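In: from the sequence below, what's the structure:
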Amino acid sequence: MRLSDLERFNEIVIQVHDNPDADAVGSGYALYRYFESRGKNVRLIYGGKNVISKSNMKLMISELGIPLEYVQELDAPELLLTADCQYGQGNVQHFDAKNVAMIDHHATGKQSDDMAEIRSHLVSCSTICYSMLTTEGFDVNEDVRIATALYYGLYMDSGQLSEISHPLDRDMVDFMQYDKDLISRFRYANFSIAELETAGIAITNNNYIEEYRSAIVSSEPCDPNILGVIGDFVIQVDSIDTCVIYNECAGGYKLSVRSCTVEVAANELAAFLTDGVGNGGGHFNKAGGFISAERLSSQYSGNIESFLRKRMDEYHKGYDVVRYTDKPANTEQLRRYRKKKGEYGWLRSTDVFAAGTQCKIRTLEGDVFITCNDNTYIMIGITGEVYPTEKQVFESRYTTTDEPFERSFEYPPSLINLSEAKICRLMPYAKKCYSGEGAVILARPLQKFTKVFTRWDYESYMAGVRGDMLCCAESDTKDIYVVKKDIFAMTYEEI
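Out: Below is the predicted model of the structure:
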């Protein structure tokens, strides 16, 4: 669904969920301003039993001039558009409407269609609205109030940015021109005395696991951001490298995950803890997630605490570590493969920015940091995967052309100039190349979950699961990396 598809309606009521949070209000306000700019008769409302009372929400609405109305009755509008929620759900007061459309990031089984935009892989509804507004050519940065509302929505729904994982979320953080002073004021009006007491009680209620230098901490129900505050405090303990803070919330359990060790990425741990029972993600050091009570009870007979302990055991006992600085690989365990004849994309890093520019490559898989120079090339794979390579290695493996490499991916790979905060899409610079006879590697399937520290990014790691391929250059066994098994099957053949 596109926002322009809804412009055929003249009377539009945007409804956010009961007890609205910053993401709901920010999303609703941005949509309100879009339809207002299109000359529509538009309102922004919420219902439910309670009027907004949280200090940060009252301050946000007041300072940004958001025309949010609390209503209990509503004449059926021509279009009712729900934001950060879905029509008919329990947290949305029912109002009759002639037509209904929905924009949401919660996974409730509803799929996107011509009257719904559901993207459950994004951390906030504000991100969806940012993407949809950008698609329509609506510049959210032209009005600082819109940018501030959307940024604060993302900030709060991502555990103060600790849970963002998709590049659209990261783009918002890097390029939204929001009012930093207002965001600071909103942040420091976020907690009450009662919530401070909740945090204090939770900190004393911890389950320390000495074997893994980890802690599992239970909290009373509270604002999700309180969990992050507790996690930030707990991870400072000298004997704790990772911690998981959780509490009960609507429909299940909210998690906040922290890590201060290079061998455990918080976003990876969050994804592991929630695998099959919810969802999780975030940053290397800070992440979060949600576990569905229904899914948990259908798969596990114990309580949430024992489930988390079981998953922590499985995680810490279930992985190997491989570093590029380790002794050379035992080549007897490896088989020789050649890249299949195929079409790939390539460009020089200096095609985009000048030599010496500090950059990060942004893709769906995450960010990779590089310094642009004549020796650093960038390759684009058949599924949109992007990775740096050295000129000499590249030229020994591929035949280049000057023909444009034209593909469509969910998120077009990008290069970001760190000093200027400037983003540049890579596809316009990409040219076709073909694998040649020199593109030979050594590889073996992983037998268990493995973390590989490469020479490109030795402060974090590539993760592979059983069946993924551990690879290295035939001429340099320290040039190690991981290729997902499905991509490997599409791109390599055994010699």
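In: only C-alpha atoms for contact and neighbour calcs from this point on.
Out: Fine.
In: now do the contacts for residue 176.
Out: 140, 141, 147, 148, 151 (C-alpha atoms under 8 Å, 6 or more residues apart in numbering).
In: where's it relative to residue 170, distance?
Out: 10 Å (C-alpha to C-alpha, to the nearest Å).
In: what do you get for residue 164?
Out: 7 Å.
In: compare these two (neighbour count), which wins?
Out: residue 164 (27 against 16; other C-alpha atoms under 10 Å).
In: which SS state does the more buried one fall under?
Out: coil (DSSP: H, G, I helix; E, B strand; the rest coil).
In: pLDDT score assigned to it?
Out: What the model reports for residue 164 is a pLDDT of 75.
In: so where's the stretch 51-200 of the chain shaky on pLDDT?
Out: The stretch 51-200 of the chain contains residues with pLDDT under 70 at 90, 107-112, 162-163, 165, 190-191.
In: how about the helices in it?
Out: 55-64, 125-135, 144-157, 167-175, 180-187, 193-204 (DSSP state H, counting those that start in this stretch).
In: any chance of these in TSV, with distance to residue 81 too?
Out: As requested, these are arranged in TSV below (distance: least, C-alpha to C-alpha, whole Å):
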stretch	distance to residue 81
helix 55-64	20
helix 125-135	13
helix 144-157	17
helix 167-175	23
helix 180-187	27
helix 193-204	33
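In: quick one: which of those is nearest residue 40?
Out: The minimum distance between residue 40 and those falls on helix 125-135, with 15.9 Å, by C-alpha to C-alpha.
In: still on that earlier bit, looking at the helices of the stretch 51-200 of the chain, which is nearest to residue 18?
Out: Judging those by C-alpha to C-alpha, what sits closest to residue 18 is helix 55-64, at 13.1 Å.
In: what's the closest one packed up against?
Out: Using 3 or more C-alpha pairs under 8 Å, 6 or more residues apart in numbering; DSSP states H and E, the elements in contact with helix 55-64 are helix 144-157, helix 180-187.
In: list the contacts for the nearest residue to residue 178 once chain neighbours are set aside?
Out: Among residues not flanking residue 178 along the chain, residue 148 sits closest, at 4.4 Å (C-alpha to C-alpha, 6 or more residues apart in numbering). Counting by C-alpha under 8 Å, 6+ apart, residue 148 touches 176, 177, 178, 179, 182, 183.
In: who wins for neighbours among the residues you listed?
Out: Going by other C-alpha under 10 Å, residue 178 tops the contacts of residue 148 with 21 neighbours.
In: ok, that one touching residue 155?
Out: No: in terms of C-alpha atoms under 8 Å, residue 178 does not count as a neighbour of residue 155; the distance is 11.7 Å.
In: quick revisit: make a markdown table out of the contacts of residue 148 and add distance to residue 344.
Out: Formatted as a markdown table, those follow (distance: C-alpha to C-alpha, whole Å):
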| residue | distance to residue 344 |
| --- | --- |
| 176 | 32 |
| 177 | 36 |
| 178 | 38 |
| 179 | 42 |
| 182 | 46 |
| 183 | 43 |
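In: between all of the residues you listed, which two are separated the most?
Out: 176 and 182 (13.9 Å).
In: ok, residue 106 - contacts?
Out: So residue 106 contacts 84, 85, 118, 119, 120 (C-alpha under 8 Å, 6+ apart).
In: separation between the last one and residue 406?
Out: Distance check for residue 120 against residue 406: by C-alpha to C-alpha, it reads 28 Å.
In: please apply the same query to the fourth one.
Out: Shown here: residue 119 relative to residue 406, a distance of 26 Å by C-alpha to C-alpha.
In: biggest helix in the protein by residues?
Out: Ranked by number of residues, the top helix in the chain under DSSP state H is helix 22-37.
In: show residues contacting that helix.
Out: By C-alpha under 8 Å, 6+ apart, helix 22-37 touches 7, 14-17, 41-44, 57, 66-68, 83-84, 124-126, 129, 133, 138, 146, 149-154, 156-157.
In: among the residues you listed, which ones are buried?
Out: 14-17, 42-44, 57, 66, 68, 83-84, 124-126, 129, 133, 146, 149-154, 156-157 (16 or more other C-alpha atoms under 10 Å).
In: so which bits of stretch 381-388 are buried?
Out: 381, 382, 384, 385, 386, 387, 388.
In: can I get the residues you listed in JSON lines with secondary structure?
Out: Converted to JSON lines, the buried residues of stretch 381-388 look like this (three-state DSSP):
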{"residue": "381", "secondary structure": "coil"}
{"residue": "382", "secondary structure": "coil"}
{"residue": "384", "secondary structure": "coil"}
{"residue": "385", "secondary structure": "coil"}
{"residue": "386", "secondary structure": "strand"}
{"residue": "387", "secondary structure": "strand"}
{"residue": "388", "secondary structure": "strand"}
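In: which elements pack onto the strand or helix carrying residue 231?
Out: If you go by DSSP states H and E, residue 231 is part of helix 224-234. Here helix 224-234 touches helix 193-204, strand 242-249, strand 252-259, going by 3+ C-alpha pairs under 8 Å, 6+ apart.
In: got the angle between it and helix 193-204?
Out: Angle, helix 224-234 to helix 193-204, by axes from the mean of the first three to the mean of the last three C-alpha atoms, to 10 degrees: 40 degrees.
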